[in-house]
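Peer 1: Predicted model, plus sequence, below.
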Amino acid sequence: MNTFFQRKNIHKYTRYKTGDSSTQRSLIDFVIVSYNLRCTVMNVRVKCGAELATDHHLVFCILELSSNERIRKMKPKKITRIRWEALAKEETSRNFAKIVDQRYSQLSLMEVDIESEWRWFRMALLDIATDTCGTKRVGLQHGQKKTEWWTEEVRKAIGEKKTAYRGWIQRQTPENWQNYKQLRDIAKKLVTEAKAKSWNNFGHQLEYNHHSANKLLWLTIRRLYKGGQKSTRSVKDTSGRLLTLEEDIVNRWKEYFADLYNSSAEHKIQSSEPDINESNDISMTEVTAAIKSLKSGKAAGVDEIRPGMLKALSSVGVQFSNDGKQDGEIDRRIGAASGVLRLLYRSVVTKVELSKKTKLAIFKSVYRPTLIYGHEQWILTENTRSRIQSAEIRFLRRVAGLTLRDKIRSSSIYESLQIEPLLLHIERSQLRWLGHVLRMPQNRLPYQIFQGKPTGKRPIGRRRTS
């Protein structure tokens, strides 16, 4: 069908090969249509501007086919949410609380019931949060993703490069070729600079989320980890037998929830006489304590009010063995840090697009806190110091693009990355914690333990350091 329509030769030939003295062109790519479908062919031509990284050009064919079913295009649903993470900024939080206070003071002049007051408060809170924090579109569908580096300048440069390429295809002169090469180099430079700037901004935002919006930090880390872990497709029944069929798994979950919520065990209900003197009024102290106990970053309820909005208005355990040592806890910390390194190895540590500054921000916000959690109470023996330094330098060596075969000293890696050794950070934190303990009241348990003097006889020998 390539020659079915009257076209220019440039829209018929599908392959061009430029030699030393001449240009060879041929028609070796075809669109073949059966005889009974010839009437449905609306257009056939060669697309000269299609960049397929080859000397062949794209051939496209348009057919008009009838369908029994009416196809209706569904537009992607636009879902927006309030940028609640903006409340971490002191200025935004103060402005939000001020406007809510002004708006709520107007309600005191009106006589309304409790339901109307709550409905008014909810609507006012959401409206003020929308105005002060802004909104963000979520749930993009059909591949509509936002690319940070695709700016107007980059789009214009790419368009000029493509226009120059089409001009060179139509007229292959030395002037057109030099013009295309110049615009191609300019576009390539702009794209490289825009991508580098985008990744640097990504690193700054990641470090900011570590201090203000920890939930967004881990959401970004999980998004970088593209591989992910496979979901479990099997469960065990009450006898421990593995179930793999979908029907058996669904029935097992049905039995589990039936036993969980429809337990036949009889619960003893203790009836007590109501206290006449007891008041059912909720005090302001109880409300304040309840708001303080809310965790930031949690999902909103049916009222669409997040805990961070209410808070703007107004841990993992450490294991000790019975002999006082913390070897097991340190082993757990090093193992957890190794798991973080495996999780982020391909998506962060060895990712070429990420700058070293961004990788170090992830190291400080994710890897280091996992490794040294609860380090204020650690007893740093020589063995412990060596293991901690080894776990730290394992991450930094990969950030610097080095391996053990390069035989680069750890001190040189610290200097090249301009980062403080982790052992110095631990020692400074321990001194800071010592100052807190010494300033504690005498009835505090940490102060009593620090001032305590164990009874018994000290074993013979020097103090353990390794």
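Peer 2: Happy to help now that I have it.
Peer 1: Am I right that residue 62 falls within a strand?
Peer 2: Yes. With the criterion set as DSSP: H, G, I helix; E, B strand; the rest coil, the secondary structure at residue 62 is a strand.
Peer 1: For burial, what's the neighbour tally of it?
Peer 2: Burial of residue 62 is recorded as 10 neighbouring residues (other Cβ atoms under 10 Å). Where C-beta positions appear, they are placed from N, C-alpha and C, glycine not excepted.
Peer 1: how much space between it and residue 339?
Peer 2: Plainly put, residue 62 is 54 Å away from residue 339 if you go by Cβ to Cβ, to the nearest Å.
Peer 1: likewise residue 408?
Peer 2: In this view, residue 408 and residue 339 are 26 Å apart by Cβ to Cβ.
Peer 1: Going by how many neighbours each has, rank those two and give me the top one.
Peer 2: The neighbour count for residue 408 versus residue 339, taken as other Cβ under 10 Å, is higher for residue 408 (15 against 11).
Peer 1: Quick check: phi and psi on that one?
Peer 2: Main-chain dihedrals, residue 408, degrees, to the nearest 10: phi -100, psi 130.
Peer 1: now it, nearest residue through space, not along the chain?
Peer 2: In space, residue 408 comes closest to residue 402 once its chain neighbours are excluded; the distance is 5.4 Å by Cβ to Cβ, 6 or more residues apart in numbering.
Peer 1: Check which element follows the helix or strand that residue 425 is a member of along the chain.
Peer 2: Under the assignment given by DSSP states H and E, the secondary-structure element containing residue 425 is helix 422-438. Once helix 422-438 ends, the next helix or strand along the chain (criterion: DSSP H and E) is helix 445-451.
Peer 1: Could you list the residues in contact with stretch 155-173?
Peer 2: Taking contacts as Cβ atoms under 8 Å, 6 or more residues apart in numbering, the residues outside stretch 155-173 that touch it are 10, 16, 18, 23, 48-49, 51, 176-177, 179-180, 183-184, 186-187, 190-191.
Peer 1: Also stretch 387-395?
Peer 2: 330, 334, 337-338, 341, 349, 363, 367-368, 371-372, 410, 413, 421-423, 426.
Peer 1: How much space separates residue 190 from residue 349?
Peer 2: 28 Å.
Peer 1: And residue 57, by the same measure?
Peer 2: In this structure, residue 57 and residue 349 are separated by 42 Å, where distance is defined by Cβ to Cβ.
Peer 1: just for the stretch 301-450 of the chain, where's the confidence low?
Peer 2: 301-304, 309-326 (pLDDT under 70).
Peer 1: secondary structure element for residue 329?
Peer 2: With DSSP H and E as the criterion, residue 329 is inside helix 327-344.
Peer 1: Show me which residues of the helix or strand just after that helix are buried.
Peer 2: Secondary structure here is assigned by DSSP H and E; on that basis, the next helix or strand after helix 327-344 toward the C-terminus is helix 356-362. Along helix 356-362, the positions that meet the burial threshold by neighbour count (16 or more other Cβ atoms under 10 Å) are 356, 358-362.
Peer 1: Make JSON lines out of these and add distance to residue 290.
Peer 2: Below are the buried residues of helix 356-362 laid out as JSON lines (distance: Cβ to Cβ, whole Å):
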{"residue": "356", "distance to residue 290": "45"}
{"residue": "358", "distance to residue 290": "39"}
{"residue": "359", "distance to residue 290": "41"}
{"residue": "360", "distance to residue 290": "39"}
{"residue": "361", "distance to residue 290": "35"}
{"residue": "362", "distance to residue 290": "35"}
